[in-house]
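**Student:** need a 3D model of the following:
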Amino acid sequence: QFPWCGILFDIKSCETRVNYRRFEGTRARDDLTVDRINEGHALKKRMTSFIRPRCQKIFYDSLIVSNETAEINFYQAVMLTAVKAIAYLGALPGKVSRNKSYVCYCIDDVILYGFSLIRRRLIRGTTDRMEDEKRGNPLGRKK
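**Tutor:** Numbers count the residues shown, from 1 in each chain. This next block holds a predicted model:
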């Protein structure tokens, strides 16, 4: 595997994954900014900000990765989000971290958010590819 800009490229299959090795040796709390005003809303917003960068099309497009790799990529994105969310909850002084039902709601919401974001990005890419093919430009290159 070849690491480049936070992405691992499999040089045999050309599949892509997020390079999580760059997080080794760091604490999840080290790069967190905790918003102490409106903690519930801030938690939900922060969790979506944790997963968003790991929902890029390059990690889920069936032209690039297998279904198994796409599933692993999503699982790892959710796991990193969970680790960061636990660190974030530990830094909160208020009641949100003790409200189990709200935390479960945020977990469900972030998983659905990640899935829908990936789906939108993949559909948008498929539509773009179809338009390029109609124009006789299957690779999407500018003429």
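
**Student:** OK, contacts around the residue nearest in space to the middle of the chain?
**Tutor:** For the chain, Arg54 is the residue whose C-alpha lies nearest the centre (CA atoms, centre = their mean; 2.6 Å). Arg54 is in contact with Val18, Asn73, Gln76, Ala77, Leu80, Thr81, Gly114, counting by CB atoms under 8 Å, 6 or more residues apart in numbering. Glycine gets a C-beta too; all of them are placed from N, C-alpha and C.

**Student:** how about Phe2?
**Tutor:** Contact analysis of Phe2 by CB under 8 Å, 6+ apart lists Leu8, Phe9, Asp10, Ile11.

**Student:** before we move on, back to that, with secondary structure, distance to Met47 and pLDDT as new columns, can the contacts of Arg54 be given to me in TSV?
**Tutor:** Output for those, formatted as TSV (DSSP: H, G, I helix; E, B strand; the rest coil; distance: CB to CB, whole Å; pLDDT from 0 to 100):
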residue	secondary structure	distance to Met47	pLDDT
Val18	strand	17	85
Asn73	helix	18	93
Gln76	helix	16	91
Ala77	helix	12	92
Leu80	helix	11	88
Thr81	helix	6	90
Gly114	helix	10	94
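
**Student:** buried only: go through those residues for me.
**Tutor:** Buried members of the contacts of Arg54, counted by 16 or more other CB atoms under 10 Å: Val18, Asn73, Ala77, Leu80, Thr81, Gly114.

**Student:** quick revisit: ok, which pair from the contacts of Phe2 is furthest apart?
**Tutor:** The largest separation in the contacts of Phe2, counting by CB to CB, is between Leu8 and Ile11 at 9.9 Å.

**Student:** which of those two has more neighbours?
**Tutor:** Of the pair Leu8 and Ile11, Leu8 is the one with more neighbours under other CB atoms under 10 Å, namely 16 against 9.

**Student:** now the helices for the chain?
**Tutor:** Listed in chain order, the helices of the chain (DSSP state H) span 39-51, 67-91, 100-134.

**Student:** now render those as TSV, adding distance to Tyr60.
**Tutor:** Listed next are the helices of the chain as TSV, based on distance: least, CB to CB, whole Å:
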stretch	distance to Tyr60
helix 39-51	13
helix 67-91	5
helix 100-134	5
